[in-house]
Each structure stands twice: as C-alpha cells, then as structure tokens.
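1. got a sequence here, can you build the structure:
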Amino acid sequence: MASTFFIKNNGDSAFPKKGHSLATSKRKNDEDLGGNSKGRAKKPNSKHNEEISSESETESTAEQNEREGEDEFDETPQEKKLRLAKVYLDQLREEEEKKAEQVSFETELVAGRLQEELLEQKGKLQRCIAKDLLAPDASEIRVLRGHQLPVTCLVISPDEKFIFSGSKDCSIIKWDIETGKKLHTIKGGRKGTEARHGGHTTQVLCMAISSDGKYLASGDMNRAIIIWEPDTCKQLYKLKGHRGAVSALSFRTGSHDLYSGSHDRSVKVWNVDENAYVETLFGHQDAITGLDCLSRERCVTAGGRDNTVRVWKITEESQLVFHGHGGSIDCIQLINEEHMITGSDDGSVSVWSVNKKKPLSTVKVAHGSFGEAGLEQPHWVASVAALQNSDTVASGASGCSDNSEVHVWACGQGFRSLQPLFSVPVPGFINSLEFSTSGKFLVAGVGQEHRLGRWWRQKEAKNGIYIIPLKRRSAQQEEPPATE
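-> Alright, predicted model coming up:
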C-alpha cells in the first residue's frame, strides 16, 4: 500500500511538486481572471508591510508602558507619600493665595464704604463730579409740555423712571422719563368740585416723594397737603393744620416723616404712615418759601423776607438762625448734612455750613441783570438744586428777560467757592430744579410766571419741563473718590 501511495497517476503526483507553490496557483487564478499578476502581487506585500509596522508600534508602546510601570513600581511608599504631600501643599498654597486676594479686595471695599458713610454722616462727603461735566448740546435737551399754566414744582422718582410735576392749573402730571409721555393726570378744579376730580382746588406750590417711592405729597394755596400713591396716583388722605398756603415739603430720607413749611410762618412735622400730626415749630417772621431735609432728624428752611435761613433740630427742640442775603430768600436745598445752597431775589447764590452763621461763599448777581443803564436790577434766583454729597449745584433765574438760564456750578474745596461750569438757556421763570439721584440729568420746571406770585408775566415762555442731560468727559461712569 505504501508504494501505491507514491505512484504517479497519469504522470502527475498526488501532491504538488516542491517548486509548485500556493503563490503559483494564486497567480494562475489571477491570470485566468484577466488580472495583472504583477500589480496584484504588490498589494499583499504592501499590506503585509503595513501590518508589520503597526505591530512594531504596538510592541514599542507596550514596552514603553511596561518600562513606566516598572519605574512606578520602583517608587517606594515613602517616596510616594512625599510626592503626594508636595502636591497637596501646592494646592493649599494656591487656595490660600486666592483667599488672601479676595479678603484684601473685600477689606478695601468695606473700608472705602465705611469711610464714605462716615463722611456722609459728618456732612463732609464731597464727590468730585463737577470737573468731568460737559455742557449739553441744545438738541439733547427734551421739553415736555402738558400743563396749561406755569409749572411750579416737580420731583423725580427714586428709580429715575418718572417725573411728577405740579402747576398753577391745579393739576399733577406723572411723566415717563424715557418716552416723555404723560402716564397719568390728576386734574384739579375750583373749591367744592373735589367730588368730580379728586385733586387740588387751587395752585399746587410744592411736592415731595419719599426715598422708597411709597408716598407722594403735594401742597397747595388752600392750606391742604394731599398724600398720593405714586404708582396709581390714587389719593390716600389729606393732612390739614396749616393756616396759610403750604409752600414747601420734604420727606426725611429713609423714613416716612414729612416736614412742611407754610406762609403761616410755621414748620409742621407729620407721620405719613399713621396719617398723624406730630408737632409744630415756630420762629420765622415771614412766609416760609423753601424747606429741605436729609436723613437726620432736622430740616432747613428759607424765611422769605425775614432774610434768614434756619436749621431746626427736632430732637433738641432748638433752631439755628443764619443771616446773609440782602433780599427775600426764595429757595434752599441741602448739599449734604452740613452744607446747603440758597438763592435770593437780590440775585445772589450762597453756600452755607450749619456751623457758621455767615455764608461760606456767595456769588452776587449770579444770573446777570436787566433794565436800563443806571437802573439795572439783578435777575431773581427762583430755584436751586444740589447733587447730594457732591461738589455740583445748580441755580435757575426768573424770566425777567429772554436770556434766562440754568447755571451749573462747581463747589470748591470745603465749599468755600463757587465756580461756573456752564449755562443752559431756558426761557421763562425757572421755578423748580432737581438733579436725578445718579447725576445723569437735571430737570427744570418752567413757567410764564413766578411760582409764588404774579409780579409780571413772560408771554414768550412756554410752560413745561426741561430734561437736561449731564454728559461726562470720561467714558466710564464710575463714581470718583470721595474727599473730605
């Protein structure tokens, strides 16, 4: 059987010969299919080379990882503990440095705020804003018209979104500052017609709004003080007690205590939350024309033709009397707790300290004069305003001629001087001035007549409200540092 296994069959052996390989059979098959055997032979070789290269890289990576593993394996427990301890210490050091930077920043912030609050309480806070202010272009000034008779008073809401204005036409209008549109009108009328309109029955002379925007107060010629809800303009109640026209109102900052000044020469204190009268202060010898207060339990008043400014200390039940102007003192406003600005019909503007009986600085004939040569008369200063806790104030003249203006002033160091910054032409009697809390704009209430009388009338003037933007030199609106 063995010999039979190796016997050729028809001249061919049962298995291929030694030189007859599988590659030869593959080549013959490729030739039978009409392929190019030369090109076909390269592809498997190329593929085979690639596979070998890949295997080499894999082997190299494996060897590298094995070596690294050996290195790690060679690290002793003590060395590993030391390495981890160093990493932990580095992390702690970074965290402590970050905490130290944050604490330093917070400390500086708190220290700055405490210093500012201390200066404000002492009445010595004076933010240096005036040096960066620029005169606005005439095209940037907006005029709101709606009152039929002269605007006598106005206030700006604490959020700077609304203006409330009062007029000799007995009405109060709520304005949207952004759009300039009237949002609400509280109409007035003659005495006895309150059931039809719910407003004032005579000229509105003064207004005030609480620092939280909860209450709006207005006073009129008929001795009435009406308390309103600013959001809805709904009347809440009336405060009665004065025996003369109510000419000045102011809420104490941070509270709902209301101070009122009247032509009956008295100052009254009210608690608006309780709808209650508190007390009456006497001392002025003439009609009170202006009043203001901040956070302390005291107020300042202008006494008209008694030529005095008075500081009323409510808790001490005492008053300080100041003399300086040569004519009727018609307007007053606090700059901070210790300083105030006043205006008079003698044409002068004065800055006072509550610690000195005479003005710290006075500008005479601040708004120029009018009349024939040799008979010139100074323009009356009908209104003043102060950007609280800053060095910027403003004054408005009466409409004695066509060139009535709003003047913006810079207070010098320690409020010992007044330097003019720029003027804005506003035709008419500038009966009321108010800075926005942020200092971004100044609002003027203008009319054809003086708010306290009808000595003369300027027909060319228009009754309305002027919104005057206050531009800054710097693009950044950051508040400058406070100085003492």
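2. now do the strands in the stretch 301-450 of the chain.
-> 308-313, 318-323, 329-334, 339-344, 349-353, 361-363, 369-370, 377-378, 381-386, 392-397, 405-411, 418-425, 429-435, 441-447 (DSSP state E, counting those that start in this stretch).
3. residue 175 touches residue 156, doesn't it?
-> No: with contact defined as C-beta atoms under 8 Å, residue 175 does not count as touching residue 156 (9.8 Å). Heads up, the C-betas are built off the backbone N, CA and C, glycines and all.
4. what sits in contact with each of these two?
-> Residues touching both residue 175 and residue 156 by C-beta atoms under 8 Å, 6 or more residues apart in numbering: 162-163.
5. looking at the two, which one has more neighbours?
-> In terms of neighbours (other C-beta atoms under 10 Å), residue 175 is the more surrounded of residue 175 and residue 156; the figures are 24 against 21.
6. distance between the ends of stretch 235-243?
-> 22 Å (C-alpha to C-alpha, to the nearest Å).
7. only the buried residues of that stretch, if you could.
-> 239, 241-242 (16 or more other C-beta atoms under 10 Å).
8. need the residues that contact it.
-> 198-199, 215, 223-229, 258, 260, 262, 264, 266, 268, 270, 275, 277, 280.
9. switch the cut-off to 6 Å
-> 198, 223-229, 262, 264, 268, 270, 275, 277 (C-beta atoms under 6 Å, 6 or more residues apart in numbering).
10. now that stretch: mean pLDDT?
-> Throughout stretch 235-243, pLDDT has a mean value of 95.
11. find the nearest non-adjacent residue to residue 390, please.
-> residue 127 (4.3 Å; C-beta to C-beta, 6 or more residues apart in numbering).
12. so that neighbour sits right up against residue 388, yeah?
-> No: in this structure, residue 127 is not within contact of residue 388 by C-beta atoms under 6 Å, at 9.2 Å.
13. kindly indicate which of the contacts of stretch 235-243 lies nearest residue 429.
-> residue 262 (21.7 Å; C-beta to C-beta).
14. surely the closest one and residue 225 touch.
-> No: Residue 262 lies out of contact with residue 225 (C-beta under 6 Å); the separation is 9.5 Å.
15. rewinding a little: most neighbours out of the contacts of stretch 235-243, which is it?
-> residue 262 (26 neighbours).
16. that one: what's it in contact with?
-> 242, 244, 246.
17. give the bridge partners for it, please.
-> residue 246 (DSSP bridges).
18. now the one 4 residues further on
-> Counting by DSSP bridges, residue 266 is bridged to residue 282.
19. from residue 291, how far off is it?
-> Distance, residue 266 to residue 291, by C-beta to C-beta, to the nearest Å: 11 Å.
20. of these two, who's got more company?
-> Neighbour count, other C-beta under 10 Å: between residue 266 and residue 291, residue 291 has more, with 25 against 18.
21. and the more buried one, that one's in a strand?
-> Yes: counting by DSSP: H, G, I helix; E, B strand; the rest coil, residue 291 is found in a strand.
22. now do the contacts for it.
-> 248, 250, 259, 261, 299, 301.
23. run the last query once more with 10 Å
-> Counting by C-beta atoms under 10 Å, 6 or more residues apart in numbering, residue 291 makes contact with 206, 208, 247-250, 259-262, 267, 299-302, 310, 312, 331-333.
24. over to residue 228?
-> Applying C-beta under 10 Å, 6+ apart, the residues contacting residue 228 are 164, 172, 174, 186, 199, 207, 209, 215-218, 234-237.
25. ok, now residue 140?
-> Residue 140 neighbours (C-beta under 10 Å, 6+ apart): 441, 467-469, 471.
26. how many other residues sit next to the residue nearest to residue 390?
-> Residue 127 has 20 nearby residues by other C-beta under 10 Å.
27. tell me the confidence at it?
-> 83.
28. so residue 79 is in which element?
-> Assessed by DSSP states H and E, residue 79 sits inside helix 77-122.
29. between the contacts of residue 262, which is closest to residue 179?
-> residue 246 (31.4 Å).
30. surely that closest one meets residue 166?
-> No: counting by C-beta atoms under 10 Å, residue 246 stays clear of residue 166, with 11.3 Å between them.
31. quick check: which ranges of the stretch 351-484 of the chain have low pLDDT?
-> 399-403, 474-484 (pLDDT under 70).
32. those helices in this protein, which residues are they?
-> Along the chain, counting by DSSP state H, helices occupy 2-5, 22-32, 37-74, 77-122, 194-197.
33. contacting residues around residue 331?
-> Residue 331 neighbours (C-beta under 10 Å, 6+ apart): 248, 289-292, 302, 341-344, 349, 380-385, 395-396, 431-433, 451.
34. 8 Å instead?
-> Contacts of residue 331 by C-beta under 8 Å, 6+ apart are 289-290, 302, 342-343, 381-384.
35. and if you look at residue 422?
-> So residue 422 contacts 133-135, 408 (C-beta under 8 Å, 6+ apart).
36. which members of the residues you listed are the farthest-apart pair?
-> Most distant of these, by C-beta to C-beta, are 134 and 408, 10.3 Å apart.
37. ok, the two, which is more surrounded?
-> Between residue 134 and residue 408, residue 408 has the larger neighbour count (other C-beta under 10 Å), namely 25 against 12.
38. surely residue 406 touches residue 442?
-> Yes: here residue 406 reaches residue 442: they are 7.2 Å apart, a contact under C-beta under 8 Å.
39. need the overlap of contacts for these two.
-> Taking C-beta under 8 Å, 6+ apart as the criterion, residue 406 and residue 442 both touch 394, 433, 468.
40. fine, thanks again, bye for now.
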